[in-house]
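1. Task: produce atomic coordinates for the following.
(one chain, ligands or ions: 1)
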Amino acid sequence: MPFSKLGLSPKVLEGVHASGYTDPTPIQLRAIPVVMSGRDLIGSAQTGTGKTAAFALPILSRLGQHGALRSLVLEPTRELAAQVETAIHDYGRFTNLRTAVLYGGTGYGRQNQALTQGADIIVATPGRLLDHMQRGTVRLNLIEMLVLDEADRMLDMGFLPDVRRIVERCRRPRQTMLFSATIPPEIEQLCKWALRDPETIEIGQRRAPAETVTHALYPVSSDQKQELLEELLRRTDYDQVLIFCRTKHGADRVARKLHREGHAVAVLHANRTQREREEALNGFRSGRYEVMVATDIAARGLDVEQISHVINFDVPHHPEDYVHRIGRTGRAQSVGDALTIFIGEDVPLVAAIERFIGQKIPRVKLDGFAYKFTRLLEDRPTPIFGGGRSRGRRSSRGRW
Ligand code: AMP
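-> You can find the predicted model right below:
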């Protein structure tokens, strides 16, 4: 079914076409009619499935003309808030609707200006929005469409009490949409409290990683992780690569060493200033940096088109984070590779990931790499791989 049959307004359809979208993605096909009908919605979908447009297009269509502040989108991180605001702005470029983005780590000047000029939609992180509410620069009494995006991450980050305070200030009745990759009990509670008779849309398996991604595990001894990473980068035919570390210090250390090796590296984690985070992300998006080293929280939900590879320098502690990390590659219709370096102590974490995603991930040993002994290498024979993949890029694995 084409976009034109989903009941969106002509101006929004123009925006969709100008964005280069020809067909709706599965979540868009199912969610847009629900949101257009005014019903509450719980959406659980794989990352990179076109979730933002699934709520943004019907919201823009239903708002129609510039007026009062009537829609609020809550996001867990500044980067996501900025990304979603940009998407909404793009989709609504042929309307006269206005969007403001509010997040912390930066001054109030520009945000106050956007609010004074009059916004129809606010995209915000919870903390900064509450600050604005306390200062009296934002009132939510006319909010008729509320989106709680990445709800499970807001839970992980301890934002649920803030989210509740915000939801309490939105008017009733209203339409509420909640998106979450997983629905743990706390989010189920929140749904019961904040939503009314919601329609639930689940696209694919809740736990499944993007289907376009191929996975591989690289066992190594702990003192050779960096060396193996550098070798992987040397042998991999990547466009852009995102490397995940468990800690901020770890990310800094890895980035420093890669920089010394001559890579153009950006770093993204919560200890960096807003300006540094923006510089890193913009530089990565524009291709100035070929490698970005990040922690989970900073990179959640980021959409960078050219990411061909995600490398887990550290195995994530939560299996959900594995799915989110690799959701950074293989977004929408493209393909990607997810490479995970692991050491002896990660074995239980790897097993948990494999259980969570419901598939065994192949172990790969690099030919010609001077491995020190690790039992992980003895436990399994080296698997043999063949074949490449689409889009003309050679599979990194096919060459080994
Ligand atoms: P999201 O899951 O909202 O972060 O979207 C992931 C990526 O898919 C973004 O780069 C969008 O621009 C892209 N996208 C969203 N909807 C479509 C569509 N219908 N056709 C092609 N690409 C899309």
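
2. thinking Ile122 is in contact with Glu75, fair?
-> No - checked against Cβ atoms under 8 Å, the pair Ile122 and Glu75 is beyond contact range at 10.7 Å. Heads up, the C-betas are built off the backbone N, CA and C, glycines and all.

3. Flag every residue of this structure that's near the ligand.
-> Where the chain comes near the ligand, counting by Cβ under 6 Å from any ligand atom, the residues are 21, 24-25, 28, 48-53, 303, 331-332.

4. Would you mind listing which of those residues are buried?
-> Tyr21, Pro24, Thr25, Gln28, Gly48, Thr49, Gly50, Lys51, Thr52, Ala53, Asp303, Arg331 (16 or more other Cβ atoms under 10 Å).

5. So for Val35, what's the nearest residue that isn't a sequence neighbour?
-> Pro58 (3.7 Å; Cβ to Cβ, 6 or more residues apart in numbering).

6. Three-state assignment for the one you found, please.
-> At Pro58 the chain is in helix, as set by DSSP: H, G, I helix; E, B strand; the rest coil.

7. same thing with His215?
-> strand.

8. wait, it sits on Arg363?
-> No - between His215 and Arg363 there is no contact, the gap being 10.6 Å when judged by Cβ under 8 Å.

9. On the three-state scheme, the one residue in the stretch 51-200 of the chain that gets nearest to the ligand is what?
-> Residue nearest to the ligand within the stretch 51-200 of the chain: Thr52 (3.2 Å; Cβ to the nearest ligand atom). For Thr52, the secondary structure call by three-state DSSP comes out as helix.

10. residues contacting it?
-> Residues counted as contacts of Thr52 (Cβ atoms under 8 Å, 6 or more residues apart in numbering) are Gln83, Val84, Ala87, Ile88.

11. coming back round to it: can I assume the residue nearest to Val35 is in contact with Phe3?
-> No - judged on Cβ under 8 Å, Pro58 makes no contact with Phe3 at a distance of 11.2 Å.

12. okay, the two: which has more neighbours?
-> Applying other Cβ atoms under 10 Å to Pro58 and Phe3 shows that Pro58 carries more neighbours, namely 28 against 20.

13. per-residue confidence at that one?
-> Note on Pro58: pLDDT of 98.

14. Next, give me the two most distant ones among the residues of the chain next to the ligand.
-> Taking Cβ to Cβ as the measure, these span a maximum distance of 17.3 Å, between Pro24 and Asp303.

15. now the residues of the chain next to the ligand in JSON lines, with pLDDT and distance to Lys257?
-> As requested, the residues of the chain next to the ligand are exported to JSON lines (pLDDT from 0 to 100; distance: Cβ to Cβ, whole Å):
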{"residue": "Tyr21", "pLDDT": "90", "distance to Lys257": "40"}
{"residue": "Pro24", "pLDDT": "92", "distance to Lys257": "44"}
{"residue": "Thr25", "pLDDT": "88", "distance to Lys257": "39"}
{"residue": "Gln28", "pLDDT": "93", "distance to Lys257": "42"}
{"residue": "Gly48", "pLDDT": "70", "distance to Lys257": "29"}
{"residue": "Thr49", "pLDDT": "78", "distance to Lys257": "35"}
{"residue": "Gly50", "pLDDT": "87", "distance to Lys257": "37"}
{"residue": "Lys51", "pLDDT": "90", "distance to Lys257": "35"}
{"residue": "Thr52", "pLDDT": "94", "distance to Lys257": "35"}
{"residue": "Ala53", "pLDDT": "96", "distance to Lys257": "39"}
{"residue": "Asp303", "pLDDT": "73", "distance to Lys257": "27"}
{"residue": "Arg331", "pLDDT": "52", "distance to Lys257": "28"}
{"residue": "Ala332", "pLDDT": "46", "distance to Lys257": "32"}
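
16. just curious, which of those residues is nearest to Arg285?
-> Asp303 (9.2 Å).

17. what about that closest one, which SS state?
-> Assigned by three-state DSSP, the conformation of Asp303 is coil.
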